[in-house]
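Q: could you look at this predicted model? Sequence included:
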Amino acid sequence: MNSENKIYDVVIGGQGAAAFAAGMYAARYQMSAIVVGTTFGGETATGGLIENYPGYPDIDGFELMMKFKEHAEKYDVPVIDDKLVISNANGNSRKESDIFEIAGESDQIYRGRSVILAIGRERRSLWLDHEEDWTGRGVSYCSTCDAPMHKGNTVAVVGGGDSAVKGSVLISKYADKVYLIYRKSELTRPEAANLRQLDSATNVERIFNTNVVELLGDDQKGLTGIKLDNPYQTLESLDVDGLFIEIGADPRKELPMHLGAKVNELGEVIVDKYMNTNIPGLIAAGDLTDASGDLKQTITAAAQGSMAATTAYEHVSNL
Ligand code: NDP
């Protein structure tokens, strides 16, 4: 595929709340903008029911992200399915004079006077044997996507954050029994509202101070059980039909670091209050960044996207 010659005012990486909000704001500043990303809707789209986005007391995350995308497209911002990478057959991602050249997995090169990276985070894995092979055959990373497949089943969820708790509550509506397995002794991370819902889900059993150390099953059936490092009611393993790994995510820091952006000890891109990284014209927003600490929500990502577009506008206006 040829590399495109057009130089955009801003190339926006990602397809989540921050990226779409940035695209919409950039267009309103009359900037030429393109949104390029792989995972439509980011974390919001697979987050299930969203109950804390102002104006929508309860809306499905996928539907909310469709509205974000449509809003950006209303301003004629192209939204492209492609992954931004460090290099492709047509060259490396880099900043040359005042122009950024960003490689896409499709072998396209996207050129911009500024770049907003809103590429979010990658879900964590337990790195157990068979974890990858049995994904889709018992092992899952998305409660919202796969909960309905577990009608009448026994299922385990690993993790102790909002995702694990929300996931357990959702799965409990389908499964007969859910084990929520957490490595610490108490759930302190999740929002109070999510914990209240967990309290009402009477078929969720909490197992604390415990890790899943082995996946049991075979290549024919997929997952049939899990082994624990700390016996639960004398059982060293549990028979389960499904295991949901909801243990958070890590920032996609490779591309920003390659472009020279500094990251903190969590791998989050360090930005100032205007979403500037340490590289002029390289701006970042959303879950990729250190901008909102632990409050990584759709509303914070969207707000950061709008701020990032404003910063891109000021950068490009001053070139
Ligand atoms: P978090 O990073 O908040 O939590 C990850 C959990 O997984 C932690 O409890 C962590 O344990 C545990 N964990 C990490 N690695 C392992 C491992 N190798 N083995 C076992 N357990 C492990 O991720 P979430 O996806 O839950 O949430 C991400 C962000 O999104 C948070 O800011 C959250 O608040 C937000 N969110 C909000 C929602 C809402 O309804 N408002 C819904 C979903 C997410 P430990 O506690 O010991 O570190």
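A: Now that the structure is in, tell me what you want to look at. Note that the structure is predicted; figures quoted are calculated from it, not measured.

Q: is the ligand within reach of the lengthiest strand in the chain?
A: As assigned by DSSP state E, the longest strand anywhere in the chain is strand 222-232. No: contact of strand 222-232 with the ligand is not found when judged by Cβ under 6 Å from any ligand atom; the minimum separation is 10.5 Å. Backbone N, C-alpha and C define where each C-beta goes, glycine included.

Q: buried residues in the helix or strand following that strand?
A: Remark: after strand 222-232, the chain's next helix or strand is strand 235-239, criterion DSSP states H and E. In terms of neighbour count (16 or more other Cβ atoms under 10 Å), strand 235-239 has its buried residues at 237, 238.

Q: just the CA atoms of strand 235-239, as PDB, please.
A: Listed next in PDB are the C-alpha coordinates belonging to strand 235-239 (Å, rounded to 0.1, in the frame of the first residue of the first chain):
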ATOM      1  CA  LEU A 235     -10.100 -27.800  47.500                       C
ATOM      2  CA  GLU A 236      -6.900 -27.200  45.700                       C
ATOM      3  CA  SER A 237      -8.700 -26.900  42.400                       C
ATOM      4  CA  LEU A 238     -12.100 -25.800  41.200                       C
ATOM      5  CA  ASP A 239     -14.200 -27.200  38.400                       C
END
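
Q: within the sheet, what are the partner strands of it, with directions?
A: Looking at strand 235-239 with DSSP bridges, its partner strands are strand 222-232 (antiparallel).

Q: touching, residue 37 and residue 16? I think so.
A: Yes: A contact is recorded between residue 37 and residue 16 when judged using Cβ atoms under 8 Å, the distance being 7.4 Å.

Q: the more surrounded of these two?
A: Taking neighbours as other Cβ atoms under 10 Å, residue 37 and residue 16 compare with residue 16 leading, 29 against 23.

Q: against residue 306, how distant is the residue nearest to the more buried one when sequence neighbours are not counted?
A: With Cβ to Cβ, 6 or more residues apart in numbering as the criterion, residue 16 has its nearest non-adjacent residue at 2.3 Å, and that residue is residue 42. If you measure residue 42 against residue 306 using Cβ to Cβ, to the nearest Å, the figure is 16 Å.

Q: if we can go back for a sec, identify the contacts common to residue 37 and residue 16.
A: Common contact partners of residue 37 and residue 16 (Cβ atoms under 8 Å, 6 or more residues apart in numbering): residue 118.

Q: still on that earlier bit, residues touching the residue nearest to residue 16, list them.
A: So, once contact is read as Cβ under 8 Å, 6+ apart, residue 42 ends up touching 14, 15, 16, 17, 18, 19, 65, 120, 286, 287, 301.

Q: ranges for the helices of the stretch 201-319 of the chain?
A: In the stretch 201-319 of the chain, helices defined by DSSP state H, counting those that start in this stretch lie at 254-258, 298-317, listed in chain order.

Q: make that the stretch 1-150 of the chain, sorry
A: Listed from the start of the chain, the stretch 1-150 of the chain has helices (DSSP H, counting those that start in this stretch) covering 17-28, 42-45, 61-74, 143-146.

Q: tell me which of the ones you listed lies nearest to residue 255.
A: Comparison of those against residue 255 by Cβ to Cβ identifies helix 17-28 as nearest, at 13.8 Å.

Q: ok, residues contacting that closest one?
A: Helix 17-28 is touched from outside by 9-10, 12-13, 33, 35, 37, 42, 44, 65, 68-69, 71-72, 74-77, 79, 116, 118-120, 285-287, 298, 301-306, 308-310, 312-313, with contacts defined as Cβ under 8 Å, 6+ apart.

Q: just the buried residues from these, in PyMOL please.
A: Restricted to the buried members of these, where burial is judged by 16+ other Cβ under 10 Å, the PyMOL selection command reads as follows:
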select buried, resi 9+10+12+13+33+35+37+42+44+65+68+69+72+77+79+116+118+119+120+285+286+287+298+301+302+303+304+305+306+308+309+310+312+313
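
Q: near the ligand, which of the contacts of helix 17-28 show up?
A: With Cβ under 6 Å from any ligand atom as the criterion, the subset of the contacts of helix 17-28 in contact with the ligand is empty.

Q: how about the residues of this structure by the ligand?
A: Checking the chain against the ligand by Cβ under 6 Å from any ligand atom, the hits are 47, 52, 124, 126, 158-164, 166, 183-184, 189, 191, 194, 211, 247-248, 294, 296-297.

Q: hmm, 8 Å instead?
A: For the chain, the residues found near the ligand under the criterion Cβ under 8 Å from any ligand atom are 43, 47, 50-52, 123-124, 126-127, 158-166, 182-184, 188-191, 193-194, 211-212, 246-249, 287, 294-297.
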